[in-house]
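Chemist: Here is the input, now give the coordinates:
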Amino acid sequence: MAGDARSAGPVRPPVALAFSLLGFVALLIFGLGMTSLATNTDVISTPGFGQYPGIFGPVFAAAAFAITLWAFVRVPHPSFWGALIVALVTFLAYLVGVGLVAMIVGADPAAAIGTVGHLATTWYGAVVFGAALIAGWAGIALVRTHAGRPRWPWEKRPQ
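Modeler: Numbers count the residues shown, from 1 in each chain. Predicted coordinates for the structure are as follows:
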């Protein structure tokens, strides 16, 4: 339906949220993996933590990303400054998720706090913040712009 009114205009907020969330998770996994490879360190290297803090940290981050971005993309003409808030909330949720789950699985609170501090002050924290900033900005851009789909020169523009 090339001439349909629904095909013109900005991307709908639920679609923008879905694309941005998938992009955030992909950037986060790739970024943490490449940072681990480049620095020859584990993301969470504290002995005795198990895998759960490393699993639920990104889950907390993704949930915070989705909730925070939804607050921005559902309003008309959202501000790009919202991407900074999305990134900050996502970063903090990642740290809280890792620390909280580490304590739930029985880690020493001092070790959990030390690990959270390490994540917050190394490239791993920068990756989480950067992935959320990029994906949040993209989500806001999707609902702000009125760009249509790409077209070949011979395709007729809808009226």
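Chemist: Could I get the average pLDDT for stretch 143-159?
Modeler: Predicted confidence along stretch 143-159 averages 74 (mean pLDDT).
Chemist: scratch that, stretch 51-63
Modeler: 96.
Chemist: Repeat that for stretch 86-97.
Modeler: 98.
Chemist: Ala93 against Ala64, yeah?
Modeler: Yes: judged on CB atoms under 8 Å, Ala93 makes contact with Ala64 at a distance of 3.3 Å. Where you see a C-beta, it was placed from the backbone N, CA and C, and this is true even at glycine.
Chemist: Strands of the protein, start to end?
Modeler: Taking DSSP state E to define them, one finds no strands in the chain.
Chemist: Quick one: list the elements packing against the lengthiest helix in the chain.
Modeler: Scanning the chain for the longest helix, with DSSP state H as the assignment, gives helix 13-39. If contacts are counted by 3 or more CB pairs under 8 Å, 6 or more residues apart in numbering; DSSP states H and E, helix 13-39 sits against helix 52-73, helix 123-144.
Chemist: Relative to Thr145, how far out is His77?
Modeler: 11 Å (CB to CB, to the nearest Å).
Chemist: Which residue of these two possesses the greater neighbour count?
Modeler: Taking neighbours as other CB atoms under 10 Å, His77 and Thr145 compare with Thr145 leading, 11 against 8.
Chemist: How many residues are close by Pro47?
Modeler: As a burial measure, Pro47 scores 7 neighbours (other CB under 10 Å).
Chemist: and it, how far is that from Phe56?
Modeler: Distance, Pro47 to Phe56, by CB to CB: 18 Å.
Chemist: Same check on Leu88?
Modeler: Applying CB to CB, one obtains 20 Å for the distance of Leu88 from Phe56.
Chemist: Please say which of those two ends up with more neighbours.
Modeler: Neighbours around Leu88 and Phe56, counted as other CB under 10 Å, are more numerous at Phe56. The numbers are 19 against 16.
Chemist: Perfect, that will be all.
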